[in-house]
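**Student:** Show me the folded form of this:
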Amino acid sequence: MFVITGATGNVGRHVVAELLDAGHKVRALSRDPATASLPDGAEVARTADLPLEGATGVLLNPAAFWNGVDELLDRARRAGVRRIVVLSSSAVLAGEGNPIGDHHLALERQVEATGLEWTHLRPGAFAANALGWADQIRGNGVVRGPHARAHTVPIDERDIAAVAARALTGDDLAGTRPELSGPESLTFADQARIIGEAIGRPVTYEELSPEAARAAMAYAPEPVVDALLAFWAEAVDRPQPVSSEVERITGRPARTFAEWAAEHVRDFA
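**Tutor:** Numbers count the residues shown, from 1 in each chain. Have a look, this model is predicted:
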C-alpha cells in the first residue's frame, strides 16, 4: 500500500494512476474526498485524518501540509512506514537565502532525521505553471509577465510522477536526490509560442516592467516573489542546464513542452 499526499495535485494525480496501472494498492489523500475525482481503484481518504496504517511508502507533497509535517512523520514512524519520497525542489541548489530552497531543504533534513528510507525528488519549473496563463490565452492570446527571455527547463508533471512511482516501489533510488527537468531550455516567450502552435492560433508574450510584474504576483509572499524575480532576471538569455535523470530512471526520454501543450489544448483553447 502506498499513500499519496496531495493526490489531486498536478503530480499526485499522475502518481496515483502510475501505481494503480502497475497493480499496486493506493490510498490517495485529499482535503475533500467527495470531489477528488481520482481513478477507479484508489482508496480516497481525508488528508486531515492521515491514515497511514498498512502503508509501505508515502509520497510527501509539502503543499498539502501548510502547518508542517511533524504529525505526518510521527505517524509514519508509528505506522511502520518504510520509505518517504519527498516532492522537493531544485531551488535547494540555489544556496542559503532562497526562501523556496530553504523551505524544501529544511523539509528534506527533517525527513532524513526520522531514520526512515527517503528519496528527495528535485524538479525545476513545472510545465503546468503555464496553466496560470490560460485565461490570458483564451482571451486575446497575449501573455503578460516578467522577463520574456528568461530561460527555464519545464518538466511535464507526468515525468515527475513516473520517477516518484519508481522511487516508491523500487530500491534503486533510496537515499538519492535526483534533480529532474524537461529535455530543453525554453524562454517564457518560447513557451507561449509553443502553446499557440498547439492550439492553432498565435500566442505572444508581452514583458511587464519589474514593478508591474511584482504587482501581478502580489498573491505570493514577498520573499518568494523576490526570489522568483531574481532567478528569472539572472536567467535572461541564459539557457539553463538540462538533466537526463528522467530518461535514466524511467528508460524513456522526458516529454517535451510541445507534447505537454498538445495534451492541454482544452485548457487554452
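
**Student:** can you pull out the strands in the stretch 51-200 of the chain?
**Tutor:** 57-60, 83-87, 117-123, 142-145, 151-152, 179-180, 186-187 (DSSP state E, counting those that start in this stretch).

**Student:** Figure out which of those is closest to residue 263.
**Tutor:** Nearest to residue 263, of all those, is strand 186-187, at 16.4 Å by Cβ to Cβ. Just so you know, the C-beta spots here come from the backbone N, C-alpha and C atoms, and that holds for glycine as well.

**Student:** what does the closest one rub up against?
**Tutor:** 148-154, 194, 257 (Cβ atoms under 8 Å, 6 or more residues apart in numbering).

**Student:** List buried residues within these.
**Tutor:** 148, 150-154, 194, 257 (16 or more other Cβ atoms under 10 Å).

**Student:** residues touching residue 107, list them.
**Tutor:** 60, 62, 69, 86, 88.

**Student:** one more time with 6 Å, if that's ok
**Tutor:** Residues near residue 107 by Cβ atoms under 6 Å, 6 or more residues apart in numbering: residue 62.

**Student:** Let me see the confidence value for residue 63.
**Tutor:** pLDDT for residue 63: 89.

**Student:** Number the residues from 418 up from this point.
**Tutor:** Taking 418 as the first residue, the last one we looked at is residue 480.

**Student:** Please determine how far it is located from residue 421.
**Tutor:** Residue 480 sits 13 Å away from residue 421, going by Cβ to Cβ, to the nearest Å.

**Student:** Neighbour count for these two, which is higher?
**Tutor:** More crowded of residue 480 and residue 421, by other Cβ atoms under 10 Å: residue 421, with 34 against 12.

**Student:** ok, the more buried one touching residue 431?
**Tutor:** No: with contact defined as Cβ atoms under 6 Å, residue 421 does not count as touching residue 431 (9.9 Å).

**Student:** what would the buried ones among the contacts of strand 603-604 look like in a markdown table with pLDDT and distance to residue 448?
**Tutor:** Formatted as a markdown table, these follow (pLDDT from 0 to 100; distance: Cβ to Cβ, whole Å):
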| residue | pLDDT | distance to residue 448 |
| --- | --- | --- |
| 565 | 98 | 36 |
| 567 | 98 | 33 |
| 568 | 98 | 35 |
| 569 | 98 | 29 |
| 570 | 98 | 31 |
| 571 | 98 | 27 |
| 611 | 98 | 33 |
| 674 | 98 | 30 |
